[in-house]
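Colleague: just the structure for this:
(one chain, ligands or ions: 1)
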Amino acid sequence: MIAESAIREALVAVIDPEIRRSVVELDMVRAVDVAGEHVQVTIALTVAGCPMKADLERQVRDHVGAVGGVASVGVTFDVMSADERSALRTRLHGGGADSEGGKKPISIAASTRVIAVASGKGGVGKSTLSANLAAALAALGNEVGVVDADIHGYSIPRMLGVSRKPVVVDRMIVPPVNHAVKIMSIGFFVEADGAVVWRGPMLHRALEQFLTDVHWGELDYLVVDMPPGTGDVSISLGQLLPSPELLLVTTPQPAAQKVAMRAADVAGKTGMRVAGVVENMSFMLCPCCGERTHPFGEGGGEALAAELGVPLLAQVPLNETLRVASDAGVPLVVTDPDDAASRAVFDLAAALPDALAPLPGASRISKRLTVI
Ligand code: ADP
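Modeller: Numbers count the residues shown, from 1 in each chain. Alright, predicted model coming up:
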């Protein structure tokens with residue numbers, strides 16, 4: 001059985017030769033129909049009789065034909081409506097092409113909410129929650145991107161089931177999409193053996209590129225999986241991201257609070273507002289009677305939130321299915337949205353709009369960058 005998602009992923013590599021952007025990015029893929037080993041793709045052209053039709057058809061046949069299990073590919077063409085063309089124009093103009101004083105502006109719409117997910121130390125479930133939160137926000141109808149800036153882990157592509165590297169068109173990076181989430185990770189640019197050691201300015205420049213050269217489109221949310229702790233990268237990111245709001249992930253044991261507090265301190269110094277605390281691995285639910293046990297203690301999240309004067313936005317249970325789903329590349333919020341852990345993440349996603357401070361009214365953010 002050929003998955004439609006695999007076909008759509010392959011179509012990301014099909015580039016409109018005139019606009020020079022992916023047909024997926026441009027919303028030109030009108031339909032994907034899989035019938036046994038045959039795949040029929042319908043592409044909406046910007047104008048009827050587009051001279052690039054033959055080129056597009058060849059690309060669709062090449063890329064979709066290369067997907068495992070596909071025996072034949074059919075391509076049909078349709079034409080965008082006036083409204084669709086107008087939406088496309090808006091989208092392209094919204095890409096941040098202007099430069100200001102020679103410095104590239106950030107390619108993130110002024111209305112995008114940037115959610116930095118941070119923790120004091122590794123292993124508390126920060127990446128798991130970033131991946132699930134991004135997928136939950138997307139499932140709720142938002143346009144979502146995720147930046148994996150966790151230089152120690154690069155786990156986001158694996159957790160969201162993406163192994164394909166981004167397509168680069170005219171120095172514009174088109175992020176791979178899965179579970180309706182656009183994904184960009186430092187891991188895409190690291191060799192499999194991990195021989196490159198990323199540090200300081202090099203890393204800062206890579207992250208800067210993620211926010212300038214990546215075609216994010218008009219996102220509602222950009223979730224950033226921050227590196228754990230209080231290092232240079234956190235400070236760099238704090239400077240790069242427009243109006244970032246921090247979600248601080250912690251575990252329930254009181255000992256975890258000190259390190260989490262330090263992470264919040266650093267965030268504050270770089271202009272990030274702490275939107276709230278998320279307590280992960282809060283409790284276990286007995287599958288037979290639903291009774292809660294607390295293998296990692298209790299009260300840590302609440303204590304941290306009280307100390308910071310911010311809300312405790314979610315308590316996510318310790319749940320093996322959450323780990324299994326992450327390991328399989330499909331977030332639990334997608335495979336089992338009714339699971340207790342998924343529900344906690346959906347509640348977090350729903351609580352976000354109220355937890356965030358209103359954005360400044362600027363039409364497009366082009367924040368000055370400082371390399372540290
Ligand atoms: P971090 O990004 O903080 O280093 P990860 O998200 O990589 O942490 O999580 C560390 C490990 O714990 C992973 O194997 C992950 O699947 C697992 N994990 C995270 N949260 C939970 C949870 N609530 N229940 C069960 N396992 C979890």
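
Colleague: can you name the residues that contact the residue in the stretch 201-350 of the chain that the ligand sits nearest to?
Modeller: Nearest residue of the stretch 201-350 of the chain to the ligand (CB to the nearest ligand atom) works out as residue 323 at 3.3 Å. C-beta: built from backbone N, CA, C; applies to glycine. If you count contacts by CB atoms under 8 Å, 6 or more residues apart in numbering, residue 323 has them with residue 128.

Colleague: tell me which residues of the helix or strand harbouring it are tucked away?
Modeller: Using DSSP states H and E, residue 323 sits within helix 320-327. Of all the residues in helix 320-327, those buried under the rule 16 or more other CB atoms under 10 Å are 322, 325, 326.

Colleague: just put these in a markdown table and tack on distance to residue 252.
Modeller: Compiled in a markdown table, those are given as follows (distance: CB to CB, whole Å):
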| residue | distance to residue 252 |
| --- | --- |
| 322 | 16 |
| 325 | 22 |
| 326 | 20 |
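
Colleague: which one of those residues is nearest residue 224?
Modeller: The closest of those to residue 224 turns out to be residue 326 (CB to CB; 17.8 Å).

Colleague: any weak-confidence spans in the stretch 201-350 of the chain?
Modeller: 230-233 (pLDDT under 70).

Colleague: swap the cut-off to 90 and go again
Modeller: Where the stretch 201-350 of the chain drops to pLDDT under 90, the residues are 201-218, 226-244, 253-273, 285-291, 295-298.

Colleague: ranges for the strands of it?
Modeller: 221-225, 244-250, 273-280, 284-285, 292-293, 312-316 (DSSP state E, counting those that start in this stretch).

Colleague: possible to save those as CSV with mean neighbour count and distance to the ligand?
Modeller: Shown next, in CSV, are those (neighbours: other CB atoms under 10 Å; distance: least, CB to the nearest ligand atom, whole Å):
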stretch, mean neighbour count, distance to the ligand
strand 221-225, 27, 7
strand 244-250, 27, 7
strand 273-280, 24, 5
strand 284-285, 16, 9
strand 292-293, 11, 13
strand 312-316, 22, 5
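
Colleague: now distance to residue 162 too, for these, in TSV please.
Modeller: TSV is the format used below for the strands of the stretch 201-350 of the chain (distance: least, CB to CB, whole Å):
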stretch	distance to residue 162
strand 221-225	14
strand 244-250	22
strand 273-280	23
strand 284-285	30
strand 292-293	35
strand 312-316	23
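
Colleague: out of these, which gets nearest to residue 355?
Modeller: Comparing the strands of the stretch 201-350 of the chain by CB to CB, strand 273-280 comes nearest, at 4.6 Å.

Colleague: what helix or strand is the most centrally placed residue in the chain on?
Modeller: Per CA atoms, centre = their mean, the C-alpha nearest to the average position across the chain is that of residue 146, at 1.6 Å. Using DSSP H and E, residue 146 maps to strand 144-148.

Colleague: just the residues contacting the helix or strand just after that strand, thanks.
Modeller: Using DSSP H and E, the helix or strand that follows strand 144-148 in sequence is helix 156-159. Here helix 156-159 makes contact (CB under 8 Å, 6+ apart) with 127-128, 130-131, 146, 148, 150, 163, 176, 183, 185, 187-188, 225, 326-327, 329, 331.

Colleague: how about helix 156-159, does it get close to the ligand?
Modeller: No - applying CB under 6 Å from any ligand atom, one finds helix 156-159 separated from the ligand by no less than 7.5 Å.

Colleague: any buried residues in that helix, and which?
Modeller: Those would be 156, 157, 158, 159, for helix 156-159 by 16+ other CB under 10 Å.

Colleague: mind listing the strands for the stretch 1-150 of the chain?
Modeller: 15-16, 21-22, 29-35, 38-45, 72-79, 113-119, 144-148.

Colleague: deepest of the ones you listed, which one?
Modeller: strand 144-148 (a mean of 28; mean count of other CB atoms under 10 Å).

Colleague: run through the neighbouring helices and strands of that one.
Modeller: In terms of contacts (3 or more CB pairs under 8 Å, 6 or more residues apart in numbering; DSSP states H and E), strand 144-148 is packed against helix 126-139, helix 156-159, strand 181-185, helix 200-212, strand 221-225.

Colleague: restricting to C-alpha, output the second one in PDB.
Modeller: The one in question is helix 156-159. Listed next in PDB are the C-alpha coordinates belonging to helix 156-159 (Å, rounded to 0.1, in the frame of the first residue of the first chain):
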ATOM      1  CA  ILE A 156      13.000  16.200  15.800                       C
ATOM      2  CA  PRO A 157      13.400  14.700  12.200                       C
ATOM      3  CA  ARG A 158      13.400  11.200  13.600                       C
ATOM      4  CA  MET A 159      10.400  11.900  15.900                       C
END
